[in-house]
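Below is the sequence, then the predicted model.
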Amino acid sequence: MSGARSIGPVSTLAPRFRLSRTSANLLANYVGAGWTVLMAVVFVPVYIRFLGIEAYGLIGFFTALEAALRVLDLGITPTVNRELARHPANAEGSDRIRDLVRSFEIIYWAVGIGLGVILALASPVIAANWLQAGRLPLRVVSGAIAVMGVVIALEWPVRYYQGGLMGLQRQAHLNGINILASSVRYAGAAVVLWRVSRSITAFFVWEAIAALGQVLLLHVLLWRSLPESHRVPRFSLKRIRSVWRFAAGMSAIAATALILTQLDKLILSRIVSLEVFGYYALAVSVARGLGMLAFPFFQALYPRFSELVALGDRRSLATLYHRGTQFLSVLLVPAGAVLAVFAVEVIRLWTGDAHTASVVGPIVSILVIGTVLNGLMHLPYALQLAHGWTTIGAMTNLVLVVAMVPAVIVFSQRYGALGAAAVWALLNLAYLAIGVPLTHRRLLTGEAKRWLVVDVGTPLAASMLVVVVTRTAIPGITSPSGTALLLGAVSGMTLVAAWLATPGPRRWALGRVGVAQ
């Protein structure tokens with residue numbers, strides 16, 4: 001749509017109310033994500049101290065494996081999210097919605113249990129023929145993988161229930177459960193390792209216990225949040241067939257996306273030792289923490305995008321899209337710039353280990369570049385899904401998969417962890433170059449330049465100016481207090497520079513202090 005530059009604030013009462021709800025959801029998502037990041041910051045060094053970097057590599061392998069297996073989601077979670085978000089606009093019967101949720105719930109549980117059983121049975125083969133264990137005995141690795149199967153079976157439906165609650169925009173309640181679950185999981189695992197057993201198997205046993213509690217709470221909350229009905233929900237092939245086209249498109253996107261995002265880790269776990277993979281897993285956890293700045297925007301805005309598309313309110317959609325992108329950029333880009341340029345200092349301050357920092361820091365720098373690019377694609381991707389346009393995502397991913405598989409193998413064999421990280425960065429650069437122009441050409445005509453120059457380019461230029469000048473002007477600092485002071489100062493300056501340089505956030509901030517523009 002042309003003329004989006006003249007769009008003003010939404011004038012009707014309903015959109016203003018909805019925008020407030022979206023803002024509340026975004027705030028709730030950031031509180032939940034921030035708490036999870038805080039738990040990781042506090043407890044990951046504790047895990048490494050108790051378990052060692054090689055055993056931590058098993059945790060990294062589990063994380064990558066679980067994410068890769070999400071290919072078997074079959075597009076169910078985003079489909080349920082979208083259908084529940086569209087329900088008020090379509091005014092469809094509650095029986096249909098409840099039957100749809102129950103039908104997919106049964107499928108989801110069946111897939112999760114099946115995956116858990118298969119992984120447990122295959123644990124000896126994976127331990128002996130895939131992972132390159134060093135000091136860890138084979139029986140310990142095999143036993144840990146078997147318990148991973150139990151964790152996956154219990155954690156598998158968690159994402160489904162989370163997707164449903166996000167579609168219903170019950171995100172404050174959802175994040176309350178997520179905060180409780182992450183607290184129990186992270187802190188409980190540390191207590192188990194400290195007081196019960198310093199073994200990787202004990203760690204995963206606790207993960208299974210925590211996953212069981214979380215999935216039960218989410219199950220109860222989702223069903224209590226659904227529209228009321230006078231009959232028991234039932235499995236219905238008719239309901240599944242009514243949404244199968246969108247689900248099939250989402251399945252194709254999910255399959256290729258998971259290959260793109262997890263292939264580097266799975267291939268690297270086969271090529272390098274478990275110890276080296278442990279360092280890579282640590283770097284990935286840092287980059288993943290940065291990526292959590294972007295996902296709350298997707299969680300909050302995707303249901304609202306879907307609702308606006310169903311209502312045909314393209315004006316409000318364009319306004320929310322640009323504002324959301326600008327606020328996402330001024331949070332994600334400055335943090336990414338600081339982390340990429342000062343990665344060694346951040347890791348040394350976090351772990352207290354200079355050797356770990358020297359190994360992990362360069363990997364983090366490269367991974368962060370890819371993570372920032374990936375985060376900036378979240379809202380264009382949400383826009384695609386809200387319109388039910390899954391073809392672009394599936395086809396783009398397919399092309400990149402064909403190019404990425406040999407690239408990961410070659411780069412990982414030649415350059416190890418740094419090579420795998422480089423492929424991740426290049427992949428997301430290619431995705432951004434292809435996906436964003438095509439999205440704007442079809443869904444928001446004429447808006448690509450504004451997205452690139454104003455929404456993203458302005459905070460990027462401001463952030464890089466601050467971090468490059470600071471890096472050049474200030475010599476290396478090795479003391480923990482000096483490093484903390486430096487990182488705090490440069491982070492604050494970078495955030496302020498990006499925020500004031502970007503139109504939407506600047507107007508919002510000045511308006512809060514009573515300064516008119």
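Structure received. Numbers count the residues shown, from 1 in each chain.

who's in contact with N175?
Contacts for N175 (Cβ atoms under 8 Å, 6 or more residues apart in numbering) come out as 28-29, 31-32. Yep, even glycine has a C-beta here, placed from its N, CA and C like the rest.

Mind checking which of those residues are in helices?
28-29, 31-32 (DSSP state H).

Most widely separated two among the residues you listed?
Farthest apart among those by Cβ to Cβ are N29 and V31. That separation is 7.3 Å.

Stretch 371-389 spans what distance, first to last residue?
24 Å (Cα to Cα, to the nearest Å).

Off-centre distance for it?
12 Å (Cα atoms, centre = their mean, to the nearest Å).

now it: mean pLDDT?
On average, the pLDDT along stretch 371-389 is 86.

secondary structure element for Q413?
For Q413, the element it lies in under DSSP states H and E is helix 391-415.

What is that helix packed up against?
Counting by 3 or more Cβ pairs under 8 Å, 6 or more residues apart in numbering; DSSP states H and E, the packing neighbours recorded for helix 391-415 are helix 244-271, helix 378-386, helix 417-442.

in the helix or strand just after the last one, what's buried?
What that stands for is helix 417-442. Using DSSP H and E, the helix or strand that follows helix 417-442 in sequence is helix 448-450. Buried positions in helix 448-450, judged by neighbour count with 16 or more other Cβ atoms under 10 Å: 448, 450.

Just list what helix 448-450 packs against, helices and strands only.
Applying 3+ Cβ pairs under 8 Å, 6+ apart, we find helix 448-450 packed against helix 417-442.

tell me which of the ones in helices among the contacts of N175 is nearest to T396?
N29 (26.0 Å).

Now do the contacts for the closest one.
171, 175, 295-297, 299-300.

Go again with 6 Å.
171, 296, 299-300 (Cβ atoms under 6 Å, 6 or more residues apart in numbering).

same deal with G278?
So G278 contacts 53-54, 56-57 (Cβ under 6 Å, 6+ apart).

helix/strand/coil for R231?
Judged by DSSP: H, G, I helix; E, B strand; the rest coil, the three-state class of R231 is coil.

got the phi/psi numbers for it?
For R231, the backbone dihedrals (degrees, to the nearest 10) come out as phi -130, psi 160.

looking at this protein, which residue ends up farthest from its center?
Relative to the centre of the chain, the most outlying C-alpha is that of H230, 37.4 Å out, by Cα atoms, centre = their mean.

ok, that one to Y279 distance?
57 Å (Cβ to Cβ, to the nearest Å).

Same question for H173.
Distance of H173 to Y279, computed by Cβ to Cβ: 38 Å.

What pLDDT is listed against R135?
81.

which ones are touching it?
E54.

now do D99
Going by Cβ under 6 Å, 6+ apart, D99 touches 233-234, 236, 239.

swap in R198?
By Cβ under 6 Å, 6+ apart, R198 lies in contact with F50.

how about it, secondary structure?
With three-state DSSP as the basis, R198 sits in coil.

tell me the phi and psi of it?
The phi and psi values for R198, taken as degrees, to the nearest 10, are phi -90, psi 60.

Quick check: the gap between it and I209.
Relative to I209, R198 is positioned 18 Å away (Cβ to Cβ).

Any regions of the protein where pLDDT drops low?
The chain contains residues with pLDDT under 70 at 1-22, 71, 74, 86-93, 247-256, 258, 390, 393, 476, 512-517.

would you list the contacts of N29 in CSV and tack on neighbour count?
Below are those laid out as CSV (neighbours: other Cβ atoms under 10 Å):
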residue, neighbour count
Q171, 27
P296, 24
Q299, 27
A300, 25
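
And these, which two are furthest apart?
So for the contacts of N29, where distance means Cβ to Cβ, the most widely separated pair is Q171 and P296, at 8.8 Å.

Just the contacts of G278: which are in helices?
53-54, 56-57.

Just among those, which is most surrounded?
G57 (30 neighbours; other Cβ atoms under 10 Å).

ok, and what's touching stretch 142-159?
Under Cβ under 6 Å, 6+ apart, the answer for stretch 142-159 is 58, 62, 66, 77, 108-109, 112-113, 115-116, 119-120, 123-124, 126-127, 200-201, 204-205, 207-208, 211-212, 214-215.

nope, stretch 186-195 is what I meant
Stretch 186-195 is contacted by residues 39, 43, 46, 50, 202-203, 206 when judged by Cβ under 6 Å, 6+ apart.

And these, which two are furthest apart?
M39 and A202 (18.5 Å).

In the stretch 1-150 of the chain, what residue spans correspond to helices?
13-51, 53-68, 76-90, 94-129, 138-167 (DSSP state H, counting those that start in this stretch).

Contact partners for L317?
Here L317 is in contact with L308 (criterion: Cβ under 6 Å, 6+ apart).

any idea how far it is from W194?
50 Å.

for H387, same thing?
With Cβ to Cβ as the criterion, H387 and W194 are 50 Å apart.

more crowded one of the two?
Between H387 and W194, counted using other Cβ under 10 Å, H387 has the larger neighbour count: 15 against 12.

OK, contacts around that one?
309, 443.

by contact count, what packs against the helix or strand hosting L367?
L367 belongs to helix 354-376 when assigned by DSSP H and E. The contact analysis (3 or more Cβ pairs under 6 Å, 6 or more residues apart in numbering; DSSP states H and E) places helix 354-376 against helix 274-291, helix 314-341, helix 343-351, helix 417-442.

just so I know, which of the ones you listed lies nearest G457?
G457 lies closest, by Cβ to Cβ, to one member of those: helix 314-341, at 8.9 Å.

Could you tell me the angle between that closest one and helix 417-442?
Interaxial angle, helix 314-341 versus helix 417-442 (axes from the mean of the first three to the mean of the last three Cα atoms, to 10 degrees): 160 degrees.

What residues sit buried inside helix 314-341?
In helix 314-341, counting by 16+ other Cβ under 10 Å, buried: 315-341.

Quick one: distance of that helix to the chain centre.
With Cα atoms, centre = their mean as the basis, helix 314-341 stands 15 Å off its chain's centre.

Okay, angle between it and helix 343-351 too, please.
80 degrees.

With neighbour numbers in mind, choose between H173 and Y279.
Legend: neighbour count by other Cβ under 10 Å for H173 and Y279, higher for Y279 (22 against 17).

For L263, see how far away the more buried one is.
Applying Cβ to Cβ to Y279 and L263 gives a distance of 19 Å.

Repeat that for A210.
28 Å.

got it, and G370?
Where L263 is concerned, G370 sits at a distance of 13 Å (Cβ to Cβ).

again, but for A187
32 Å.

quick one, which of the two is more surrounded?
Neighbour count, other Cβ under 10 Å: between A187 and L263, L263 has more, with 23 against 15.
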